[in-house]
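J.: no sequence on hand, only this structure:
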Ligand SMILES: [Zn+2]
């Protein structure tokens, strides 16, 4: 056991999860990350195979065009298909590079959900604050298609792009049977300058969010801001 990793207890904070639970969380995290990366690697192999097939089709259609057997639009069509296959490879590779933070995000979100569902008094509040997370239920409607308003606020304020880690439903949420269709995850610590400004903006505009402070034990991943209603298991 790594005792040095334990943080000193805070006054009045929610009770920390027992060490066994943290150890289990870390174990789940490592296993899930490895499984997820392995499955993405298989996916990349399939997509790369599809790229090769699409390249063959482009070459063939160019030959047929030269022979006057097909129209130019058919060549363009095969080129578009090739682009689409290449994009799938790129997207899957991108998911592989931040697989750790995606998994950590899912773990802290489900842990918070479990904590709230065990506590009915907490579940009724519009603004919930615990040591690990803050959840604001928002007012009025929220739709992921309004994300641009938040992106514009952020880029106007900080002169850089909003660091979106996950937009909508990802492969990771399908695997964990989580409904994340109408939500996005922002790679910001809620207590940092940018994180606080973002939460302020969301609350002023009645946009629901959950802000997570907790990191997966032994890693730096976990803290993030989930914009939208909490994702529920289905
Ligand atoms: Zn999320």
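T.: That came in fine, so what should we check first? The model shown is predicted, which means the values in this text are computed figures rather than measured ones. Numbering: from 1, shown residues only.
J.: which SS state does the residue of the chain found nearest the ion fall under?
T.: Among residues of the chain, the one nearest the ion by C-beta to the ion turns out to be residue 226. It sits 3.5 Å away. For glycine as for every other residue, the C-beta is placed from the backbone atoms N, C-alpha and C. Per DSSP: H, G, I helix; E, B strand; the rest coil, the local secondary structure of residue 226 is strand.
J.: burial measure for it, as a count.
T.: If you count neighbours by other C-beta atoms under 10 Å, residue 226 ends up with 25.
J.: now the residue nearest to it when sequence neighbours are not counted, what's its secondary structure?
T.: Leaving aside its sequence neighbours, residue 226 sits nearest to residue 210 (C-beta to C-beta, 6 or more residues apart in numbering; 4.4 Å). The assignment at residue 210 comes out as strand when based on three-state DSSP.
J.: for residue 210, give me the pLDDT.
T.: The score at residue 210 is 95. That number is its pLDDT.
J.: what is the burial count for it?
T.: By the criterion of other C-beta under 10 Å, residue 210 has 26 neighbours.
J.: was I right to think it contacts residue 112?
T.: Yes. Shown here, residue 210 and residue 112 form a contact pair, counting by C-beta atoms under 8 Å, at 6.5 Å.
J.: which residues do the two both contact?
T.: Contact criterion C-beta atoms under 8 Å, 6 or more residues apart in numbering; residues shared by residue 210 and residue 112: 133, 135, 230.
J.: which one of those is nearest to residue 42?
T.: Distance ranking of these against residue 42, using C-beta to C-beta, places residue 230 first at 30.6 Å.
J.: okay but that closest one is in contact with residue 115, surely?
T.: No. Shown here, residue 230 and residue 115 do not form a contact pair, counting by C-beta under 8 Å, at 11.3 Å.
J.: what residues does the chain have near the ion?
T.: Proximity of the chain to the ion (C-beta under 5 Å from the ion) is limited to residues 183, 185, 226.
J.: rebuild those residues as JSON lines, extending it with pLDDT.
T.: Shown next, in JSON lines, are those (pLDDT from 0 to 100):
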{"residue": "183", "pLDDT": "94"}
{"residue": "185", "pLDDT": "93"}
{"residue": "226", "pLDDT": "96"}
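J.: and the longest helix along the chain, what does it pack against?
T.: Longest among the helix segments of the chain by residue count, using DSSP state H, is helix 19-66. If contacts are counted by 3 or more C-beta pairs under 8 Å, 6 or more residues apart in numbering; DSSP states H and E, helix 19-66 sits against helix 72-97, helix 99-117, helix 171-175.
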